[in-house]
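[1] turn this into a structure:
(one chain, ligands or ions: 1)
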Amino acid sequence: MLLIPQVPSAAAILWAALRFGLLAAVLVELILILDPVTRWKLRHIPGPFALPLLGCVPDILRQGAHAFFLQCRKKYGPVFKARTALALGRSWVVVVADTELMRQVGFKLRNHEMTEPSLMRGVFKEVEEASLFRAADDFWRLVRSAWQPAFASTSLAGYLPRMTACAEQLADRMEDRARDADGGGDGGGRVNMWRELGGMTLQVVGSTAYGYSRLALLLPELRPLWSVLAHALPDEPFTRMLQARTTLLTACLELIRGWKDRAERGSDRKARRGAAEAVAAAVVNGDDPTRVVPTDGSRGGPDGAIAAAPASPSAAAADVAAAEASAPAQANGGDAPAKPHAVEAGSFLGLMLSARDKATGQGLSDPQLVAQVQIFILAGYETTANALAFAVHCLATHPEAEARLIAEVDSVLGPDRRLPTAADLPRLVYTEAVFNEAMRLYPPAHAMTRRVGGCKVPPGVPLVLAIYAGHHDPRVWPRPEEFIPERFLPDSPLHPEVAARVPNAHTPFGWGSRMCIGWKFALQEAKIALATLYRRLRFELEPGQVPLPLRPSSLTMAPRDGVWVRPVMRC
Ligand code: HEM
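    Next comes the predicted model:
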């Protein structure tokens with residue numbers, strides 16, 4: 001009998017291909033969800049059970065990453081692994097939670113590794129990645145040295161009057177609330193001190209970034225947007241974060257364009273305004289704002305490079321000075337609306353505009369410039385506000401510490417309780433100890449990351465340095481959960497014990513060459529704020545805030561519902 005092979009029909013071939021495709025898709029999905037490769041690579045490191053796909057996220061959301069890491073250290077030792085993000089792949093981290101190991105890693109490894117899934121796209125992503133915080137290797141060195149003059153002692157001294165003025169404005173408002181309460185006014189004088197301090201630090205850092213007359217950017221109605229900016233995984237709708245980023249981006253780009261136009265002598269005003277409007281329109285339409293400004297060969301081109309930058313840093317400085325001279329009223333600290341496009345002398349943006357690579361003479365591109373200004377504001381605003389709010393909470397719950405701080409403030413500022421000056425800062429020793437102890441208990445940046453190139457931890461798996469766990473280690477900090485500012489006083493019996501045994505045990509600002517560049521700025525601002533507030537007022541804590549609930553899902557450590565207090569006038 002003759003056997004004739006049957007030719008499969010087209011439908012059968014299609015059905016087989018479909019089944020194969022489906023099977024392959026399920027397999028790939030399973031591999032991504034279970035992530036067996038990374039699990040195998042990290043098998044030698046202990047750690048909590050990680051659910052498929054969800055990893056340890058439910059635990060982290062329930063108790064907060066800081067508390068989760070502390071709990072894991074107790075259970076698994078100083079180094080453990082965890083799957084900390086919902087993102088597929090790259091969601092594993094190795095956590096270091098021992099003070100000495102963190103010091104070694106923090107000093108040795110330079111580059112930060114971001115572990116959160118970035119929701120940013122296009123120009124926003126570019127801006128995010130070009131910031132000093134995210135920069136790596138040679139570009140990081142270039143940008144870090146461009147930033148450095150902003151934190152030199154002369155610059156810090158220059159910020160002092162602005163910091164004092166902002167703190168005094170806040171003290172005035174708090175006095176009004178205290179009087180309100182005495183007079184039985186609405187709300188009985190209750191204030192969310194965390195929000196109030198956020199307004200103050202935003203004003204300080206925002207006006208330093210753009211120049212004093214840019215305070216319009218810091219309108220109260222924008223503040224809720226700004227606070228959203230600080231979170232890579234936003235608690236609030238993503239669109240609000242985008243709106244806030246857009247506001248910042250547009251303002252900054254407009255200033256940069258204006259600066260370039262000034263460098264370009266003879267450019268007419270109309271064209272300049274047109275450029276600014278084009279940028280704003282692009283943002284509204286969702287286009288890339290760096291690419292819409294009509295290029296005429298002299299402005300920033302499509303590659304975003306500074307085409308019209310002055311030939312030398314001194315020329316740039318002169319240009320900034322010229323801009324300043326054309327707007328003298330604003331430079332003197334008035335809140336009058338700034339002339340469009342003027343970059344103010346002494347502003348952080350002015351400094352960035354005049355920065356040049358020593359070897360090539362090249363300046364920063366527009367997105368790189370914007371990135372620095374944004375991170376200056378973001379890194380300097382929420383961290384300092386959180387730390388100050390925690391300090392106010394600690395003082396309100398420890399009357400003996402509050403009394404000692406007030407006694408110091410009174411003795412330093414004299415009988416008429418004048419405003420603090422630069423000469424007073426080194427004498428506010430206990431005030432500084434209070435701030436340091438508040439940041440030990442509640443480090444606003446409770447964990448940091450480092451990129452690993454070695455092979456004990458597989459490349460690509462970031463190291464997380466658990467600052468909070470280190471700050472709560474009873475082997476390093478006796479009675480770690482208690483607020484004891486005296487630990488930071490050289491004459492305290494606790495001080496030599498801690499300081500001698502473990503160098504760099506107190507690390508709210510990180511480690512080594514990658515340490516927070518703004519730490520002196522933050523410390524100066526905090527001491528001025530505390531002295532200015534407590535010279536006139538005390539703050540009584542509203543009930544129900546001990547222990548203080550913390551926001552669990554945030555990258556920065558912050559009070560979940562704020563810090564609610566009643567300002568009380570001191571006699
Ligand atoms: C209490 C306030 C602050 C705290 C707790 C804080 C904390 C930190 C920490 C932990 C780091 C990472 C360090 C590391 O990886 O070793 C950091 C980096 C940084 N901080 Fe701060 N910071 C504060 C205020 C500020 C201020 C006021 C500014 C600027 C105005 C600022 C700008 C930055 C920048 C740009 C970086 C990245 C530096 C680099 O990677 O080279 N910070 N900060």
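[2] what helix or strand is V568 located in?
    strand 564-569 (DSSP states H and E).
[3] what about that strand, average pLDDT?
    Averaged over strand 564-569, pLDDT sits at 96.
[4] just stretch 376-391 next, same as before
    92.
[5] ok, stretch 447-456 next?
    Per-residue scores along stretch 447-456 average to 77.
[6] got a list of contacts for it?
    Contact with stretch 447-456 is made by 65-66, 69, 93-95, 105-106, 109-115, 136, 459, 461-468, 510, as judged by C-beta atoms under 8 Å, 6 or more residues apart in numbering. For every residue, glycine as well, the C-beta is placed using N, CA and C.
[7] just the CA trace of that stretch, in PDB.
    Output of stretch 447-456 as PDB, limited to C-alpha atoms (Å, rounded to 0.1, in the frame of the first residue of the first chain):
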ATOM      1  CA  ALA A 447      19.600  54.200  53.400                       C
ATOM      2  CA  MET A 448      22.000  54.800  50.600                       C
ATOM      3  CA  THR A 449      23.100  52.700  47.700                       C
ATOM      4  CA  ARG A 450      26.400  51.900  46.100                       C
ATOM      5  CA  ARG A 451      27.200  50.200  42.700                       C
ATOM      6  CA  VAL A 452      29.300  47.100  43.000                       C
ATOM      7  CA  GLY A 453      31.800  46.000  40.400                       C
ATOM      8  CA  GLY A 454      33.200  42.900  42.300                       C
ATOM      9  CA  CYS A 455      32.000  39.400  42.100                       C
ATOM     10  CA  LYS A 456      31.100  38.300  45.700                       C
END
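[8] do that stretch and the ligand meet at all?
    Yes: in terms of C-beta under 6 Å from any ligand atom, part of stretch 447-456 sits within range of the ligand, namely M448.
[9] buried by neighbour count: which residues of that stretch qualify?
    Going by neighbour count (16 or more other C-beta atoms under 10 Å), the buried part of stretch 447-456 is 447-452.
[10] go through these and name the one nearest the ligand.
    Distance to the ligand, by C-beta to the nearest ligand atom, is smallest for M448 among the buried residues of stretch 447-456, at 4.2 Å.
[11] returning to what we had before: so which of the contacts of stretch 447-456 reach the ligand?
    106, 112, 510.
[12] residues in this protein within reach of the ligand, list them.
    So the chain meets the ligand at 106, 112, 132-133, 144, 205, 375-376, 379-380, 383-384, 387, 444-445, 448, 508-511, 514-518, 521-522 (C-beta under 6 Å from any ligand atom).
[13] out of the buried residues of stretch 447-456, list just those in strands.
    Members of those lying in strands (criterion: DSSP state E): 448-450.
[14] of the contacts of stretch 447-456, just the buried ones, ChimeraX syntax please.
    Of these, the buried ones go into a single ChimeraX selection, burial set by 16+ other C-beta under 10 Å:
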select :65,66,69,93,94,95,105,106,109,111,112,113,114,115,461,462,463,464,465,466,467,468,510
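[15] what about the helices in the stretch 301-450 of the chain?
    313-325, 328-331, 348-353, 366-397, 399-413, 429-441 (DSSP state H, counting those that start in this stretch).
[16] quick revisit: ok, the ones next to the ligand among the contacts of stretch 447-456 vs the ligand, which is closest?
    Distances from the ligand to these, taken by C-beta to the nearest ligand atom, are shortest for G510, at 2.2 Å.
[17] now do the contacts for that closest one.
    Contacts of G510 (C-beta under 8 Å, 6+ apart): 106, 445, 448, 467, 516.
[18] cool, V191 as well?
    V191 neighbours (C-beta under 8 Å, 6+ apart): 174, 177, 564-567.
[19] partners of it in the sheet?
    V565 (DSSP bridges).
[20] and the gap between G350 and the ligand?
    Here the criterion is C-beta to the nearest ligand atom, to the nearest Å. By it, G350 lies 15 Å from the ligand.
[21] what pLDDT does that residue get?
    For G350, pLDDT reads 84.
[22] does it touch G211 like I think?
    Yes: using C-beta atoms under 8 Å, G350 is in contact with G211, at 7.4 Å.
[23] what about the two, which has more around it?
    More crowded of G350 and G211, by other C-beta atoms under 10 Å: G211, with 26 against 23.
[24] correct me, but that one touches L353?
    No: with contact defined as C-beta under 8 Å, G211 does not reach L353; the gap is 11.7 Å.
[25] chain center to the helix or strand hosting R19: distance?
    Under the criterion of DSSP H and E, R19 resides in helix 10-34. How far helix 10-34 lies from its chain's middle: 45 Å, per C-alpha atoms, centre = their mean, to the nearest Å.
[26] likewise stretch 411-424?
    Worked out by C-alpha atoms, centre = their mean, stretch 411-424 lies 31 Å from the chain centre.
[27] kindly report the same for stretch 428-443.
    That offset, for stretch 428-443, works out to 19 Å (C-alpha atoms, centre = their mean).
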